[in-house]
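Enquirer: Structure of the sequence below:
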Amino acid sequence: MPIPRRLLWYVGGLTVLGVLLCGLVVATMPLPTRDVVQAVAVFSFLAALSYVFAYDLDSRTVGSTAMLAFHSMGALVPPAASVAGYAFVSGFGEVFSARDSIKRLFNFSNQLVGFILGLLAYQAAGGQMSTHALPAIVPFIVLTQVTKLNNIACFAGVMWFAERIPFRQTFVRNFTSTLSQDLIYIPLGYLFCLSYVRFGPLWSLLLLVPLLTVRQQFKNNATLVLIHQEMLQLMVAAIEARDPYTSGHSRRVARYSALIASFAGREDREVLRVERAALLHDVGKIHEEFAPILRKVGRLTEEERLVMQTHSEKGAALVRNASTLRPIVPAVRGHHERWDGHGYPDGFVGAAIPFGARVIALADTIDAMTTNRPYRDSMDANEVAAEIERGSASQFDPELAAVVLLPQNWSRIVTAIQEERMGAEALPPSTGPRIPRLSQVS
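Expert: Predicted coordinates for the structure are as follows:
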């Protein structure tokens, strides 16, 4: 897809700001002392190794622990020397990364601006740069948090200009998701400063051990999440292989459900739960009794229809067997409930229906209406929007229906539908399902 012009202007402006700030800081740089050059070399080396050992968080996101070394360097050496070391290492890191040019430019400029602002805030908070004195803890925390807040704000800006995702929504989501990381990053970064000041540069190279340990722990966590998600995808694909007309259905419903839950302002953790529940909402159909019914071409008999209605209960029973998936059981069980109480299996009414089930019911219907079926062609966006409005307060949660139909939100649903259609057309049936990965930061 073409890059929006407004996004190019945004990244270009951020790049110009980074260059200006960098030039302003470096222009005031006195000749560095031997101690300063030594400190910059040590921490730049540690940061460079972090880039070398960067790891994939998902298909579009790369994680590294380089900021640990950069924060420590910024607290110990003058701003100009820190910025020079940072620009050199991170610049090379982005040049050799696998991302496309616009992402590389954004990452470099965004983090450079954040690092410079963090250094200025560190000084404003009373922090003193010296390789012979331990930095005060409060200014050090200010350095790490200003850098982080700038990075989150710039990313929220990118999401607004690229996809019109509300700035506040992206900012709050990413801020809350990084709070747990601060509990590791801040003490460990301060430990780097302590080690360098008390034991000198050579012994400080032993910091490679905790640096690589943290990196490996984060990588292991990311890998486990990825494996778990891909196994769920493969299991769902195996179920859907029984019915060629619903191939990819659960994946699409999961994508639309995640969008709808985020439109409703839910936190990342709940959005992820809803997405997983949506991915598994039809897992009950794995039972053999559904196989002949799923392969049937004609209209179902009343008996067959009643059998099919048991799939949500059977799916919930299967999901309940996995302890990590138990929080999504109510959403899997209730995804065919209706707001007016005429759904199944429990006939819940209104807000008594679990939130995830209400989301999946809407996303499920959107996918059903926008894909070709043996008995009808897919509907266009206007027809689908009209059906959602018609079903509001009877079939669907009226608040969810209203928030989905907001122009900025509906345009994102339509874009997702179009991307799914293009993906389906691009892949021949024999290639199997496309397995997307969860994304947070590019």
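
Enquirer: how deep is D182 tucked in, by neighbour count?
Expert: Counted with other CB atoms under 10 Å, the neighbours of D182 add up to 14. For every residue, glycine as well, the C-beta is placed using N, CA and C.

Enquirer: again, but for A381
Expert: Residues near A381, counting by other CB under 10 Å: 15.

Enquirer: That one and I417 touch, don't they?
Expert: Yes: under the criterion of CB atoms under 8 Å, A381 makes contact with I417 at 7.3 Å.

Enquirer: where are the low-confidence patches of the stretch 1-150 of the chain?
Expert: Counting by pLDDT under 70, the stretch 1-150 of the chain has low-confidence residues at 1-2, 29, 53-64, 96-99.

Enquirer: which stretches of it form strands?
Expert: 55-58, 61-63 (DSSP state E, counting those that start in this stretch).

Enquirer: Please apply the same query to the stretch 301-442 of the chain.
Expert: Under DSSP E, counting those that start in this stretch, the stretch 301-442 of the chain gives no strands.

Enquirer: shaky segments in it?
Expert: In the stretch 301-442 of the chain, residues with pLDDT under 70: 373-376, 423-442.

Enquirer: Swap in 90 and give it another go.
Expert: Residues of the stretch 301-442 of the chain that meet the criterion pLDDT under 90 lie in 301-302, 315, 318-326, 368, 371-381, 408, 418-442.

Enquirer: mean confidence for the top helix by length along the chain?
Expert: The helix that spans the most residues within the chain, counting by DSSP state H, is helix 167-204. Averaged over helix 167-204, pLDDT sits at 83.

Enquirer: buried sites along it?
Expert: Using 16 or more other CB atoms under 10 Å as the test for burial, helix 167-204 gives 169-174, 178, 185-186, 188-190, 192-193, 195-197, 201, 204.

Enquirer: what does stretch 291-298 give?
Expert: Within stretch 291-298, the residues scored as buried using 16+ other CB under 10 Å are I293, L294.

Enquirer: With stretch 252-270 instead?
Expert: Result for stretch 252-270 [16+ other CB under 10 Å]: buried residues 252-264, 266, 268, 270.

Enquirer: my read is R266 is in a strand, agree?
Expert: No: counting by DSSP: H, G, I helix; E, B strand; the rest coil, R266 falls outside a strand, being coil.

Enquirer: begin at 20 from here
Expert: All right, first residue 20 from here; so that's R285.

Enquirer: wait, isn't it in contact with I279?
Expert: No: using CB under 8 Å, R285 is not in contact with I279; the gap is 9.3 Å.

Enquirer: Need the overlap of contacts for these two.
Expert: V293 (CB atoms under 8 Å, 6 or more residues apart in numbering).

Enquirer: ok, back up a step: now the longest helix of the chain: how far from the chain's centre is it?
Expert: Mean C-alpha position of helix 186-223 versus that of the full chain (CA atoms, centre = their mean, to the nearest Å) differs by 20 Å.

Enquirer: The closest residue to F309 other than its chain neighbours: neighbour count?
Expert: Closest residue to F309 apart from its sequence neighbours, by CB to CB, 6 or more residues apart in numbering: H330 at 6.3 Å. Per other CB under 10 Å, the neighbour tally for H330 reads 24.

Enquirer: and H330, how far is that from A336?
Expert: Counting by CB to CB, to the nearest Å, the gap between H330 and A336 amounts to 11 Å.

Enquirer: Between the two, which contacts overlap?
Expert: In contact with both H330 and A336: G303, using CB under 8 Å, 6+ apart.

Enquirer: what's the helix or strand hosting I171 packed up against?
Expert: Per DSSP states H and E, I171 falls inside helix 156-182. With contacts taken as 3 or more CB pairs under 8 Å, 6 or more residues apart in numbering; DSSP states H and E, helix 156-182 sits against helix 24-46, helix 85-95, helix 120-143, helix 186-223.

Enquirer: what domains does the record give for the chain?
Expert: 24-242, 260-450 (automatic domain parsing).

Enquirer: Identify the residue nearest R25 in space, chain neighbours excluded?
Expert: F180 (4.8 Å).

Enquirer: sorry, back to before: and the least confident of the buried residues of stretch 271-289?
Expert: Among the buried residues of stretch 271-289, pLDDT bottoms out at D287, giving 80.

Enquirer: where's it relative to G375, distance?
Expert: Counting by CB to CB, the gap from D287 to G375 is 14 Å.

Enquirer: picking that back up, inside helices: which ones of the buried residues of stretch 271-289?
Expert: 271-282, 287, 289.

Enquirer: Which one of the residues you listed is nearest to M86?
Expert: D287 (20.7 Å; CB to CB).

Enquirer: Settle this for me: that closest one is touching F194, isn't it.
Expert: No: with contact defined as CB under 8 Å, D287 does not count as touching F194 (10.5 Å).

Enquirer: circling back: now do the longest helix of the chain against helix 156-182, angle only.
Expert: For helix 186-223 against helix 156-182, the angle by axes from the mean of the first three to the mean of the last three CA atoms, to 10 degrees is 130 degrees.

Enquirer: Verify the stated contact: R192 with D287.
Expert: Yes: with contact defined as CB under 8 Å, R192 reaches D287; the gap is 5.2 Å.

Enquirer: Overlap of the contact sets of those two?
Expert: In contact with both R192 and D287: no residue, using CB under 8 Å, 6+ apart.

Enquirer: got the contact list for A421?
Expert: By CB under 8 Å, 6+ apart, A421 lies in contact with S411.

Enquirer: ok, now how distant is it from W429?
Expert: 11 Å.

Enquirer: what do you get for P49?
Expert: Taken as CB to CB, the span from P49 to W429 is 57 Å.

Enquirer: Out of the two, name the residue with the larger neighbour count.
Expert: Counting neighbours by other CB under 10 Å for P49 and for W429 shows that W429 has the greater number, 17 against 9.

Enquirer: ok, the nearest residue to E356 once chain neighbours are set aside to A370 distance?
Expert: Leaving aside its sequence neighbours, E356 sits nearest to G362 (CB to CB, 6+ apart; 3.8 Å). According to CB to CB, G362 and A370 sit 14 Å apart.

Enquirer: hang on, E294 packs against A277?
Expert: Yes: using CB under 8 Å, E294 makes contact with A277 at a distance of 4.2 Å.

Enquirer: Count the neighbours of V368 for me.
Expert: 14.

Enquirer: from the middle of its chain, how far away would the helix holding I171 be?
Expert: Worked out by CA atoms, centre = their mean, helix 156-182 lies 16 Å from the chain centre.

Enquirer: in it, what counts as buried?
Expert: Those would be 158-163, 165-181, for helix 156-182 by 16+ other CB under 10 Å.
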